[in-house]
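Enquirer: The sequence and its predicted three-dimensional model are supplied below.
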Amino acid sequence: MNGRRKIESILIANRGEIAVRIVRTVKQMGLRAILVHHASDADSPGVALADEAIEINGATPVAAYLNSAEIITIALRAGAQAIHPGYGFLSENADFARAVEHAGLVFVGPRPETIELLGDKVRARNFMVKHGFPVAPSAIEDDDPATFVARARALGAPLLIKPAAGGGGKGMRIVRDMASLEDELARARSEGKRYFGDGRLYVERYVERSRHIEVQVLGDAYGNAIHLFERECSVQRRFQKIVEESPSPALSANVRKEICDVAVGIAREAKYRNAGTVEFIYGDGAFYFLEMNTRLQVEHPVTEMITGRDLVAEQIRVAQGEPLGYNQRDIVAKGHAIELRIYAEDAARGFVPTTGRVLVLEPPTGDGIRVDAGIRAGQTVTSAFDPMLAKLIVHAASRTEAIEQARQALQRFVLLGCRTNIGFLDRLMDSAQFRAGDIHTGLIEAMPELAADPKLPERTVQVLLAAAALSVPRLVDAAREIPALHTALGGWRN
Amino acid sequence: MRETFRIGDTEHALWLSSSDAGLSVHLETQKIDADIDRTGGVRIRVNGVAHEIFLVARDDRIYVHADGQAHEIVYLDPVLRHAGDDSVSRSDHLRAPMPGAVVTCPVKAGDAVEPGDLLMVIESMKLETPFKAWRAGLIETIRFTVGQTFDRDAVLLSMMPGEAS
């Protein structure tokens, strides 16, 4: 168990919007924020906001943020007492967490053993079974490799194949036709080997039209654990979340209590320290444990908006060895929050990532509107990193009002120079399915018409053509030089 | 002179005229009176109705935020439009269908390849995509090395006719 340890400066080992987000809270707490960054991020807002910014190196920009030895050395040299890993990169790397602690620094996250236990999907699943938490019917290769295929077949279609060491949707395959089971297993195995260096698999019953519902938990070093309610993250594409909200439109008060209590039970049983998220699959009235993410989530602002708690501040307090200091009754949810992820991608062209220089950036502002952005005007969006540029989070009294607020904010979100999914998100918010809360993880694939560029009203086309024509100096100059009479005669006869 | 602008996949022809009243944009079937006020935000008046928009032009592209959405308009410059016909040489280049990074590249300049031989594997959107030789020939140049990133439409590799010596 950790003793109390005052943290005065924190090194943030991340980039983009989450670096800005963490730097902001660190400074608000009166602590010093040290941000490491690759040269390609020298222009980023996080670097401008941090008290100190230190360049890190690597063969590629991503490799720089994974260079744990260099990051720890810099933290020690800069006088930091703690490292906040954000999400992605080193955040769920138990070896990194251990190395940070061996260097005498505080890792802002769970214990390395907890990351190890919950990071391996098969081990985590066995842990849940052992303690009586609900898991989907499944077959695990490691239990008996010789009978794995037969056991998988016995579960019946549809099935979901997952790599034991996986994450982020990589190597996951849905099998609806059992004739292709062995082919799909072979493909998943090769993807697992390539991405995680580990070809072990397991197979789960797949719930069609299921929902993804997760619960935010918080634990301290003294065995206290609470939840901060659920987030529904069913709107996904290729296992990547796009829209998250709380409360979930699918849960009754009873099921909400049940799913939140199970999540707290898991956190308590795992002696979970710091912020974490327990993910569930919900469908046909039942929920199953999916996985636990041992870090801050991208979508944590949804929870912050409805509870009024700063999760990064809570993470830092727990990391200092402070007890939570409050209990479940003190956590109250108010209103409805929706987060929309703004990606550099072209929905109409199969969601391919886009690149370009951000020429104009005017995010919306106002009551109940929060924008967490990792870019600023003038910065170039490259393909070197994840295409998420910013998150728009809205908060209103009801779900209907939150949707309306989201639409207005999306329409006022000005980002020119790099194509984004903002228009797509607006159409999604406006769809009957989303408005009705009738959402599931296959929704985007089931509504391909949302991805197409809509036909523009004639009035808009007129505005665009007039704006464009008046923006080409050569055309304007030429028109002004020619007397009006001649142009009137000229017309279309060229 | 008629000028061509493209919005999405649709080309629009127009020409500009000026009179004492200001500039007019002539489309196929209509005439729009328009002027732009660039003090502060951009305000464009089209047929007397004012629209608050955001506008920025860069090279041949005009980016406009209007009516609650971002739009990209391409000015098809008549000079550039008829100069760059590279349809013959284009088939000898492997162009990137999307931005990404090179994962592996088992060939090198001068190698002879047969149709179907693996030329390069790229990673984009967390997916690996292999590219195979579309015809027999010699590898002329490889423009990106393993780990390097590229934008959409970048020439990744060029081939030339020939066989192994």
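Expert: Yes, it's here.
Enquirer: the domain parsing of the chain - what is it?
Expert: If you meant another chain, say so; for now it's chain A. A:9-108, A:137-205, A:211-450, A:458-490 (automatic domain parsing).
Enquirer: not what I meant, chain B
Expert: B:3-82, B:87-160.
Enquirer: tell me, which of these is the model least confident about?
Expert: Note on the domains of chain B: domain B:87-160 shows the lowest mean pLDDT, a mean of 82.
Enquirer: Please give me every residue in contact with B:A136.
Expert: B:112-115, B:163 (Cβ atoms under 8 Å, 6 or more residues apart in numbering or on different chains). (C-beta placed from N, C-alpha, C; glycine too.)
Enquirer: Check the gap between it and chain A for me.
Expert: To chain A, B:A136 is 29 Å away according to Cβ to the nearest Cβ, to the nearest Å.
Enquirer: does A:I161 really touch A:D183, like I thought?
Expert: No - assessed by Cβ atoms under 8 Å, A:I161 is found out of contact with A:D183, at 10.8 Å.
Enquirer: Of the two, which one has the most company?
Expert: Neighbours per residue (other Cβ atoms under 10 Å in any protein chain shown) separate A:I161 from A:D183, with A:I161 holding more: 25 against 11.
Enquirer: which residues does that one contact?
Expert: So A:I161 contacts A:171-175, A:184-185, A:188, A:201-203 (Cβ under 8 Å, 6+ apart).
Enquirer: Narrow those residues to just the buried residues.
Expert: With burial judged by 16 or more other Cβ atoms under 10 Å in any protein chain shown, the buried subset of the contacts of A:I161 is A:171-173, A:175, A:184-185, A:188, A:201-203.
Enquirer: Near chain B, list only the ones from these.
Expert: When Cβ under 8 Å from any Cβ of the partner chain is applied, no member of the buried ones among the contacts of A:I161 is adjacent to chain B.
Enquirer: Columns secondary structure and pLDDT on top of the residues you listed, output as CSV?
Expert: Formatted as CSV, the buried ones among the contacts of A:I161 follow (DSSP: H, G, I helix; E, B strand; the rest coil; pLDDT from 0 to 100):
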residue, secondary structure, pLDDT
A:G171, coil, 76
A:M172, coil, 86
A:R173, strand, 88
A:V175, strand, 94
A:E184, helix, 91
A:L185, helix, 92
A:A188, helix, 87
A:L201, strand, 93
A:Y202, strand, 91
A:V203, strand, 94
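Enquirer: now, which of these sits nearest B:F5?
Expert: If you rank the buried ones among the contacts of A:I161 by distance to B:F5 using Cβ to Cβ, A:M172 comes first, at 43.7 Å.
Enquirer: ok, that closest one - contacts?
Expert: Contact analysis of A:M172 by Cβ under 8 Å, 6+ apart lists A:160-163, A:166, A:188, A:239.
Enquirer: Got the phi and psi for it?
Expert: When read as degrees, to the nearest 10, the backbone of A:M172 gives phi -90, psi 140.
Enquirer: can you tell me how far it sits from A:R237?
Expert: With the distance defined as Cβ to Cβ, to the nearest Å, A:M172 ends up 13 Å from A:R237.
Enquirer: beta partners for B:L118?
Expert: In this entry, B:L118 is beta-bridged to B:K132, by DSSP bridges.
Enquirer: if you skip the residues just before and after it, what's nearest to the spatially most central residue of chain B?
Expert: The centre of chain B sits closest to B:D153, judged by Cα atoms, centre = their mean, with a distance of 7.7 Å. Closest residue to B:D153 apart from its sequence neighbours, by Cβ to Cβ, 6 or more residues apart in numbering or on different chains: B:R95 at 5.5 Å.
Enquirer: wait, the one you found sits on B:L156?
Expert: Yes - using Cβ under 8 Å, B:R95 is in contact with B:L156, at 6.9 Å.
Enquirer: what about the two, which has more around it?
Expert: For B:R95 versus B:L156, neighbours defined as other Cβ under 10 Å are more numerous around B:L156 (22 against 12).
Enquirer: ok, now which ones touch the more buried one?
Expert: Per Cβ under 8 Å, 6+ apart, neighbours of B:L156: B:93-96, B:102, B:120, B:122, B:131, B:142-144, B:150.
Enquirer: Identify, from those residues, the entry nearest to chain A.
Expert: Nearest to chain A out of the contacts of B:L156 is B:F150 (Cβ to the nearest Cβ; 7.4 Å).
Enquirer: outside of stretch A:433-442, which residues touch it?
Expert: Under Cβ under 8 Å, 6+ apart, the answer for stretch A:433-442 is A:208-212, A:232, A:234-236, A:243, A:249-250, A:283, A:399-400, A:403, A:428-429, A:432, A:443, A:447.
Enquirer: element containing A:Y282, please.
Expert: Assessed by DSSP states H and E, A:Y282 sits inside strand A:274-283.
Enquirer: On the C-terminal side of that strand, identify the next helix or strand.
Expert: strand A:286-293.
Enquirer: All good on my end, thank you.
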